[in-house]
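Student: Task: produce atomic coordinates for the following.
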Amino acid sequence: MRHQIGLFVIATVIAANVSIQFVSAQENNQPPAGFHALFNGKDLDGWHGVPNSTQDPRKLEAMSESDRQAALAKEAEGVAQHWTVENGEIVNDGHGPFLSTDEKFEDYEFWLDYKTVANADSGIYLKGTPQVQIWDYTEEGGKWNIGADKGSGGLWNNSAGAPGKDPSELADKPFGEWNRFKIQQIGARTSVWLNGKHVVNHATLENYFDRSSPLFRSGAIYLQTHGGEIRWKNIFARNIGSEEANQILASHHNDGFESIFNGKDFTGWKGPIDNYEIVDGTLRCKAGKGGTIYTAEEYGDFAVRLEFKLPPAGNNGLAIRYPGSGDTAYEGMCELQVLDAGYPGNLDPRQVHGSAYGMIPAKTGYLRPTGEWNFQEVTVVGSKIKVELNGYVILDGDLSEVNEYMGNSPHPGKDNKTGHFGFAGHSDPVEFRNISIKRLD
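Tutor: Modelled structure (predicted):
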């Protein structure tokens, strides 16, 4: 438990320090320490126009260079007509294209100030995806029937009833006053503060353009225009590195998780433990060795959190409801692949990282660069299994519905109701740390 508490304390201190910085943010478009200004207070350098029709950003990226430049030139005409800079403020008249940063973001923190007028409707797109909503929150605005009465700051384009779609409280200031947003996004996990109130807490921003897939790995921030004047200033951002990102992910909703690896020895573990070693508090498979080591305890429904680091072409796996003998990919409920994106050869989609090996493929493109620590959470309830990697849900499936198998090889253990949790080594020095489990049954 000590490791998990330590992460929580570190993340809490980081959050507190960021909150202090946020409250005392420099004005006049001058960024505080650790941040960089996205708006220089003088012109729209670093910004460009994009269509105001909620267009999938991949459409522009897929164009030829000549077509893309022509499309951007067309939007630049609209920017010149409808966007201006006055007294250190970006001003939009309620019409024209959206304004996009040239810079793209992965894990980051961002804040801005805005001021709008009655009947306006706006928002902030994150990674090119709608949106953190900005409303006329009054009844006179005429949009209470679609949520405006709840105030600004929600992830309004999420599915009905999804966490974060509505803000937790109304935090808007009266028209004519400046509002301040702080937005933090780790993967798709999004938190929003409006005027110092935490109105969205670690909710997943859905991929509006393909809800069956995770949010884009990276993308630009857009300022939306929609029906009324809006002004913006003090637009700052800071990129968040993988270590801090993992701490933030670990600090949320962590009640009930208990450490199952003490960082010192193999207390509580069974199997071929001589094939593994402990180095600087991390559990590592020895090069050229392997086999499945597993917890002494068994689990039915559970969630497990851990960090892992892959060497080039590294290969390992998470043993789920493992019976204690045999190949966990077949005799266990499943083996969840832990595999470097650079693994050689032509892989079946059911072999890539995060996949239920041989049964359900995971979405790709969300691993951190080789040599960096990744954060992963796996939730197992009944026959359903969900894998969240670095803040993105890359697998969410039901093994009871699987009837086609890679190589036509049956998986007799997929219906296991209980079993051990473990690591299935495949000769590579893959490392694990901060391993904790929460029973859900």
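Student: partner residues bridging Cys285?
Tutor: Beta-bridge pairing of Cys285, defined through DSSP bridges, involves Tyr276.
Student: Just confirm Leu283 contacts Phe423, I think it does.
Tutor: Yes. At 7.3 Å, Leu283 counts as touching Phe423 under the criterion of C-beta atoms under 8 Å. For every residue, glycine as well, the C-beta is placed using N, CA and C.
Student: which residues do these two both contact?
Tutor: Among the neighbours of Leu283, those also in contact with Phe423 (C-beta atoms under 8 Å, 6 or more residues apart in numbering) are 276, 432.
Student: ok, those two, which is more surrounded?
Tutor: Neighbours were counted for Leu283 and for Phe423 using other C-beta atoms under 10 Å; Phe423 has more, 28 against 22.
Student: Tell me which residues of stretch 205-222 come out buried.
Tutor: Of the residues in stretch 205-222, 205-209, 214-216, 219-222 count as buried by neighbour count, 16 or more other C-beta atoms under 10 Å.
Student: Pull the distance from it to the chain's centre.
Tutor: 10 Å (C-alpha atoms, centre = their mean, to the nearest Å).
Student: same question, stretch 105-114
Tutor: Counting by C-alpha atoms, centre = their mean, stretch 105-114 comes out at 14 Å from the chain centroid.
Student: what do you get for stretch 353-364?
Tutor: With C-alpha atoms, centre = their mean as the basis, stretch 353-364 stands 19 Å off its chain's centre.
Student: buried ones in it?
Tutor: Using 16+ other C-beta under 10 Å as the test for burial, stretch 353-364 gives 353-363.
Student: so can I have JSON lines of those showing pLDDT and secondary structure?
Tutor: Converted to JSON lines, the buried residues of stretch 353-364 look like this (pLDDT from 0 to 100; DSSP: H, G, I helix; E, B strand; the rest coil):
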{"residue": "His353", "pLDDT": "98", "secondary structure": "coil"}
{"residue": "Gly354", "pLDDT": "98", "secondary structure": "coil"}
{"residue": "Ser355", "pLDDT": "98", "secondary structure": "coil"}
{"residue": "Ala356", "pLDDT": "98", "secondary structure": "strand"}
{"residue": "Tyr357", "pLDDT": "98", "secondary structure": "coil"}
{"residue": "Gly358", "pLDDT": "97", "secondary structure": "coil"}
{"residue": "Met359", "pLDDT": "98", "secondary structure": "coil"}
{"residue": "Ile360", "pLDDT": "98", "secondary structure": "strand"}
{"residue": "Pro361", "pLDDT": "98", "secondary structure": "coil"}
{"residue": "Ala362", "pLDDT": "98", "secondary structure": "coil"}
{"residue": "Lys363", "pLDDT": "98", "secondary structure": "coil"}
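Student: Which of those sits closest to Ile235?
Tutor: Of all the buried residues of stretch 353-364, the one with the least separation from Ile235 (C-beta to C-beta) is Lys363, at 31.2 Å.
Student: and the closest residue to that closest one other than its chain neighbours, how many neighbours?
Tutor: Distances taken as C-beta to C-beta, 6 or more residues apart in numbering put Ile394 closest to Lys363, at 4.4 Å, once the chain neighbours are dropped. Ile394 has 24 neighbours, counted by other C-beta under 10 Å.
Student: So Ile394 is in contact with Pro214, correct?
Tutor: Yes. With contact defined as C-beta under 8 Å, Ile394 reaches Pro214; the gap is 6.3 Å.
Student: overlap in contacts of the two?
Tutor: Going by C-beta under 8 Å, 6+ apart, residues that sit against Ile394 and also against Pro214 are 363, 366.
Student: ok so, going back, name the SS class of the residue nearest to Lys363, please.
Tutor: strand (DSSP: H, G, I helix; E, B strand; the rest coil).
Student: and it, what does it touch?
Tutor: Here Ile394 is in contact with 214, 353-354, 362-364, 366, 387-388 (C-beta under 8 Å, 6+ apart).
Student: just Asp415 next, same as before
Tutor: 333, 383, 399-400.
Student: Tell me which of these fall in strands.
Tutor: Among the contacts of Asp415, DSSP state E puts none in strands.
Student: which residues of the stretch 301-441 of the chain score low on pLDDT?
Tutor: Across the stretch 301-441 of the chain, nothing is flagged by pLDDT under 70.
Student: where do the strands sit along it?
Tutor: Counting by DSSP state E, counting those that start in this stretch, the stretch 301-441 of the chain has these strands, from start to end: 302-309, 315-322, 334-339, 373-381, 384-389, 392-398, 419-426, 431-439.
Student: mind listing what the fifth one pairs with, with the direction of each?
Tutor: Sheet pairing for strand 384-389, assigned by DSSP bridges, gives strand 373-381 (antiparallel), strand 392-398 (antiparallel).
Student: what sits up against the strand or helix carrying Glu109?
Tutor: For Glu109, the element it lies in under DSSP states H and E is strand 108-116. With contact meaning C-beta under 8 Å, 6+ apart, strand 108-116 is reached by 18, 22, 25, 35, 122, 124, 134, 136, 175-185, 221, 228-240.
Student: filter these to the buried ones?
Tutor: With burial judged by 16+ other C-beta under 10 Å, the buried subset of the contacts of strand 108-116 is 18, 22, 25, 35, 122, 124, 134, 136, 179-185, 221, 228, 230-238, 240.
Student: Now intersect the residues you listed with the strands, please.
Tutor: 122, 124, 134, 179-185, 230-238.
Student: which sections of the stretch 101-250 of the chain are below the confidence cut-off?
Tutor: Going by pLDDT under 70, which is the cut-off in play, the stretch 101-250 of the chain has no low-confidence ranges.
Student: can you pull out the helices in it?
Tutor: Along the stretch 101-250 of the chain, the stretches classed as helices by DSSP state H, counting those that start in this stretch are 242-251.
Student: Nearest spatial neighbour of the residue most central in space within the chain, chain-adjacent residues omitted?
Tutor: Nearest to the mean C-alpha position of the chain, by C-alpha atoms, centre = their mean, lies Gly187 at 1.9 Å. The spatially closest residue to Gly187, leaving aside those adjacent along the chain, is Gly391, at 1.9 Å (C-beta to C-beta, 6+ apart).
Student: and what of Asn315?
Tutor: The shortest distance from Asn315 to any non-neighbouring residue, by C-beta to C-beta, 6+ apart, is to His426 (4.3 Å).
Student: Make sure the one you found is actually in contact with Asn316.
Tutor: Yes. Between His426 and Asn316 there is a contact under C-beta under 8 Å: 6.0 Å.
Student: Show me where the stretch 151-300 of the chain has its strands.
Tutor: 179-186, 189-194, 197-204, 222-223, 230-239, 258-259, 269-270, 276-279, 282-285, 290-299.
Student: and of these, who's closest to Pro97?
Tutor: Pro97 lies closest to strand 222-223 among these, at 9.5 Å (C-beta to C-beta).
Student: Sweet, I'm off.
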